[in-house]
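Engineer: sequence plus predicted model, see below.
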Amino acid sequence: MTAFENLTYDEQLDRFADAAEHILPAFGFIDSDITPLQYINNAVFAVDSPRGQYVLRVHRRGQKPPEYIESEMRWLGDIHAHTDLCVPKPIRTLDDSLLAWTSVDDLNEPVSCVLLAWVEGSSIKPEDTTPDQARQLGSFLGRLHNFSAAYQLPPGFVRPRLDWEGLFGQRSPYNPGEGVHIFTPEQVAVMDAVAQRVQDVMQALDSDPAGFGLIHADFIAKNYFFADDDVCAIDFEDCAFGYYLYDLAPPLLNFSPLAHYADLKNAIWEGYTAQRPLPDQYRDYLETFVAGRHVASCRWIAGNLDNPHVRDRAPQILENRKHELQDFLKTGRLERRSEIL
């Protein structure tokens with residue numbers, strides 16, 4: 001492991017915090033206070049300044065090419081400018097760039113940062129979500145996909161594809177690299193069997209080219225808020241070209257252990273299809289995409305073992321998820337009981 005990987009979680013976070021303070025003047029922020037919000041994948045900080053509240057995201061080194069991040073910011077900016085969807089506005093640097101670069105102690109290469117306007121709202125735990133709120137979530141995704149379907153890609157726009165190769169292959173953003181060694185042979189066999197089921201669904205959907213486009217791809221409970229009877233979405237970092245139906249999988253995976261899962265699943269489907277009508281048989285594909293999302297999250301864990309918070313929990317989480325995926329292969333229903341990072 002590198003010197004940075006050998007640091008404790010708090011030591012790594014302290015170095016990212018120093019880097020965050022160092023980069024803020026590039027955005028024109030001098031007298032600002034920062035507070036850590038999250039450090040699992042990237043390091044995310046709240047920024048309190050005389051100009052208001054913002055969110056600074058410091059990216060893990062080498063995980064996403066800068067053109068991917070800039071394209072994310074361009075799409076997010078266009079959603080903010082051309083729709084009534086509630087999303088954060090990207091903030092440009094003083095030299096009109098969407099990205100800024102800074103160094104981090106004990107890392108041998110610079111890391112990129114983006115700054116976003118703060119989004120107000122109330123988070124709702126999956127277990128506290130009502131069918132009406134799930135219906136709102138579905139409606140939000142339907143409206144987002146309507147915008148995506150009509151979106152004219154700007155020159156140089158690059159985002160990954162979450163087709164079968166994009167979820168499970170070597171060119172996938174979820175490719176764990178050397179982290180693949182954490183998987184047991186039995187875990188690999190189970191994930192491969194689920195991936196085959198996902199491939200079958202994708203092949204069935206490929207007859208409808210209108211079913212594929214830019215998606216959020218990580219619409220989980222911590223990435224949306226409720227505000228003024230509307231939904232606000234944040235953290236578009238995983239946005240990709242993918243099957244629109246797949247965008248329903250992350251929230252459904254959050255809801256999967258709940259006693260009222262069927263009600264929430266029906267509600268999110270109703271909200272979505274009110275905006276984007278779909279054939280009824282597409283509902284039958286949802287559980288397979290939920291299971292596919294679970295496999296992708298296992299691969300994400302294996303690719304983030306340099307973070308002590310992830311590394312310490314990974315073996316038990318992956319073993320628990322193996323059993324959940326085995327149950328899906330037997331029953332067609334994915335019920336998550338394992339920890340979510």
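Structural biologist: Structure received.
Engineer: show me the contacts for Gly303.
Structural biologist: Tyr174, Asn175, Pro176, Gly177, Gly179 (CB atoms under 8 Å, 6 or more residues apart in numbering). The C-beta positions use only the backbone N, C-alpha and C, and glycine is treated the same way.
Engineer: and the spatially closest residue to the fourth one that is not a sequence neighbour, how far from Thr273?
Structural biologist: So that's Gly177. In this structure, Gly177 finds its nearest non-sequential neighbour in Gly303, 6.0 Å apart by CB to CB, 6 or more residues apart in numbering. Gly303 is 34 Å from Thr273, where distance means CB to CB, to the nearest Å.
Engineer: now Tyr261
Structural biologist: Look at Tyr261 and Thr273: by CB to CB, they are 18 Å apart.
Engineer: what's stretch 321-336 in contact with?
Structural biologist: Stretch 321-336 has contacts (CB under 8 Å, 6+ apart) with 184, 186-187, 190-191, 193-194, 197, 253-254, 256-257, 261, 287, 290-291, 294-295, 297-298, 337-338.
Engineer: and stretch 153-161, which residues are buried?
Structural biologist: Within stretch 153-161, the residues that count as buried by 16 or more other CB atoms under 10 Å are Phe157, Arg159, Pro160.
Engineer: nope, stretch 243-252 is what I meant
Structural biologist: Buried-residue list, stretch 243-252, by 16+ other CB under 10 Å: Tyr243, Tyr244, Leu245, Tyr246, Asp247, Leu248, Ala249, Pro250, Pro251, Leu252.
Engineer: farthest pair within the residues you listed?
Structural biologist: Tyr243 and Pro251 (15.2 Å; CB to CB).
Engineer: contact partners for Phe236?
Structural biologist: With CB under 8 Å, 6+ apart, Phe236 has these contacts: Glu72, Trp75, Leu76, Val87, His216, Asp218.
Engineer: tell me where the model's unsure across the stretch 1-150 of the chain.
Structural biologist: Applying pLDDT under 70 to the stretch 1-150 of the chain flags residues 1-2.
Engineer: strands - which of the contacts of Phe236 land there?
Structural biologist: Nothing among the contacts of Phe236 maps onto strands, per DSSP state E.
Engineer: take the residues you listed and write them to CSV, including neighbour count and distance to Ile234.
Structural biologist: Listed next are these as CSV, based on neighbours: other CB atoms under 10 Å; distance: CB to CB, whole Å:
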residue, neighbour count, distance to Ile234
Glu72, 23, 12
Trp75, 22, 14
Leu76, 22, 10
Val87, 23, 7
His216, 26, 10
Asp218, 21, 10
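Engineer: relative to Asp230, which of these is nearest.
Structural biologist: Val87 (11.2 Å).
Engineer: tell me the spacing between the closest one and Leu98.
Structural biologist: Look at Val87 and Leu98: by CB to CB, they are 15 Å apart.
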